[in-house]
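Participant: test case, fold it:
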Amino acid sequence: MAGLVGVSTRAVRHYHHLGLLPEPARRANGYREYGLADAVALARLRRLVELGLGLEEVRDVLADDSGRELAEVLAELDADLARQEEGIRSRRVRLAALRRQAEEHGGLPAEGPVSDELAAVFGRMARVSAARPGPEPAMAAREREVLALLETTGQEPGGRRMAEVLGEMIAEPGAAERMYEVYGLFEALAEAAPDDPRVARAARALADCVPDAVAAELGRAAEAAGPDAAAEHGVLAAFHAQFTPAQAAAVRGAVELITARAR
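Facilitator: Sure, this is the predicted structure:
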C-alpha cells in the first residue's frame, strides 16, 4: 500500500502511531490487512501533507468533530504561504542591496551587513586606513562596531543620526584623514593621566572635525540632555566605558567646545 500511494512504510507506521491513519485488523499471523479504504485514506493524508499542512492541521481536517472544514484550513494555509512569500521577496531585495553594496565598496565591511549609508562611511574609513602606515587605531574599529550595533538594534536614541553625523563629518575632502589623526591622538592617551596636556589637544582636534551645522545640532542636543547623557544608557554606555580616564576627559572637553561653538 505504501508503494501504491508513494510514501514510505515508515511514514505509514508514523501515521498509525499518531492516530492519523486507523490501523486495520490483523490477520492470524499478525500482519495488517489493508484494503481499498485504507489506501484512499493514506492517499488523502499524503495530499494534505504535500499542500503544506502540519500533522496537527491534518488531524483537525480528518477529525469528525473538529468543526473546521478543509476549505477553512486551506485558506489559512494560503494566507501563511503568502506571508512567507512576501518575507522571501523582502529578503531577496535586501540580499540584492548587499551584493550591490559589495560591488560598489569593494566588499562588505567586517561589521556588516549594514545600510548603504553606513557602508559608504565604512568604505571611506577603510580606504583612508589602508593609505596610512601602521595598524588601524583601535578607536576607529570600535566606533564602527558601535555604529553597526546601533543601526541593527534601532533602539538607542539617536543611533541612526550618529551614523549620519559621522558620514557628514568625513564627506568633505580631507575630513576622513583628519578623523584618523584624531584617532591617533586618542590612542596616545591610553596610558595618560586626565590632566595630561595632550588631552586638551585631542579635545580640540575632535571638536574641529565637526562641521558647524553638525556642531549646532550636537550642541543643542548636549545642552538639552547634559554633557554626560550619551554615556548613561545601553550600547553607548558600553562604548564610553572603554575609554581610559584621559580619553574620556578628551571626549568631555570636545563636547564642551562643540556646545560653546553652537551658542
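Participant: all contacts plus neighbour counts: C-alpha atoms, from now on.
Facilitator: Fine.
Participant: if you count neighbours, what's buried in stretch 113-128?
Facilitator: Using 16 or more other C-alpha atoms under 10 Å as the test for burial, stretch 113-128 gives 113-116, 118-126, 128.
Participant: between those, which is closest to Asp38?
Facilitator: Sorting the buried residues of stretch 113-128 by how near they are to Asp38, with C-alpha to C-alpha, puts Pro113 at the top with 52.9 Å.
Participant: contacts only, for the closest one.
Facilitator: When contacts are counted by C-alpha atoms under 8 Å, 6 or more residues apart in numbering, Pro113 touches Leu98.
Participant: over to it. Which of the three states is it?
Facilitator: Reducing the assignment to helix, strand or coil with DSSP: H, G, I helix; E, B strand; the rest coil, the entry for Pro113 is coil.
Participant: okay, it and Gly87: tell me how far apart.
Facilitator: Distance of Pro113 to Gly87, given as C-alpha to C-alpha, to the nearest Å: 18 Å.
Participant: what's the answer for Pro194, then?
Facilitator: If you go by C-alpha to C-alpha, the gap between Pro194 and Gly87 works out to 52 Å.
Participant: the more surrounded of those two?
Facilitator: When neighbours are counted by other C-alpha atoms under 10 Å, Pro194 and Gly87 differ, and Pro194 comes out ahead with 17 against 12.
Participant: select the longest helix from this structure.
Facilitator: When the chain is parsed with DSSP state H, its longest helix is helix 70-105.
Participant: how far does the helix or strand following that helix sit from its chain's centre?
Facilitator: Next along the chain after helix 70-105, taking DSSP states H and E as the criterion, comes helix 116-131. Helix 116-131 sits 20 Å away from the centroid of its parent chain (C-alpha atoms, centre = their mean, to the nearest Å).
Participant: just want the angle from helix 116-131 to helix 70-105.
Facilitator: Orientation check (axes from the mean of the first three to the mean of the last three C-alpha atoms, to 10 degrees): helix 116-131 against helix 70-105 gives 30 degrees.
Participant: what packs against helix 116-131?
Facilitator: With contacts defined as 3 or more C-alpha pairs under 8 Å, 6 or more residues apart in numbering; DSSP states H and E, helix 116-131 has these neighbours: helix 70-105, helix 159-171, helix 175-188.
Participant: flag every buried residue along the first one.
Facilitator: This means helix 70-105. Along helix 70-105, these residues count as buried under the neighbour rule (16+ other C-alpha under 10 Å): 73-74, 77, 98, 101-102, 105.
Participant: for that helix, give the mean pLDDT please.
Facilitator: Per-residue pLDDT values over helix 70-105 give a mean of 84.
Participant: next: the second one.
Facilitator: With pLDDT averaged residue by residue, helix 159-171 scores 65.
Participant: cool, stretch 2-9 as well?
Facilitator: Model confidence over stretch 2-9, given as mean pLDDT, is 92.
Participant: how far off centre is that stretch?
Facilitator: 44 Å.
Participant: same question for stretch 98-114.
Facilitator: Taking C-alpha atoms, centre = their mean, one finds the center of stretch 98-114 at 14 Å from the center of the full chain.
Participant: can I get the CA coordinates of that stretch in PDB?
Facilitator: In PDB, the C-alpha atoms belonging to stretch 98-114 read as follows (Å, rounded to 0.1, in the frame of the first residue of the first chain):
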ATOM      1  CA  LEU A  98      24.100  43.900  -0.100                       C
ATOM      2  CA  ARG A  99      25.500  42.400  -3.300                       C
ATOM      3  CA  ARG A 100      25.400  45.900  -4.900                       C
ATOM      4  CA  GLN A 101      26.900  47.300  -1.800                       C
ATOM      5  CA  ALA A 102      29.800  44.800  -2.000                       C
ATOM      6  CA  GLU A 103      30.400  45.700  -5.700                       C
ATOM      7  CA  GLU A 104      30.300  49.500  -5.000                       C
ATOM      8  CA  HIS A 105      32.600  49.400  -1.900                       C
ATOM      9  CA  GLY A 106      35.000  46.600  -2.900                       C
ATOM     10  CA  GLY A 107      33.400  44.100  -0.400                       C
ATOM     11  CA  LEU A 108      31.200  44.100   2.700                       C
ATOM     12  CA  PRO A 109      32.500  45.600   5.900                       C
ATOM     13  CA  ALA A 110      33.500  43.200   8.700                       C
ATOM     14  CA  GLU A 111      30.800  44.800  10.800                       C
ATOM     15  CA  GLY A 112      28.200  44.200   8.100                       C
ATOM     16  CA  PRO A 113      25.600  43.800   6.800                       C
ATOM     17  CA  VAL A 114      24.800  47.500   7.300                       C
END
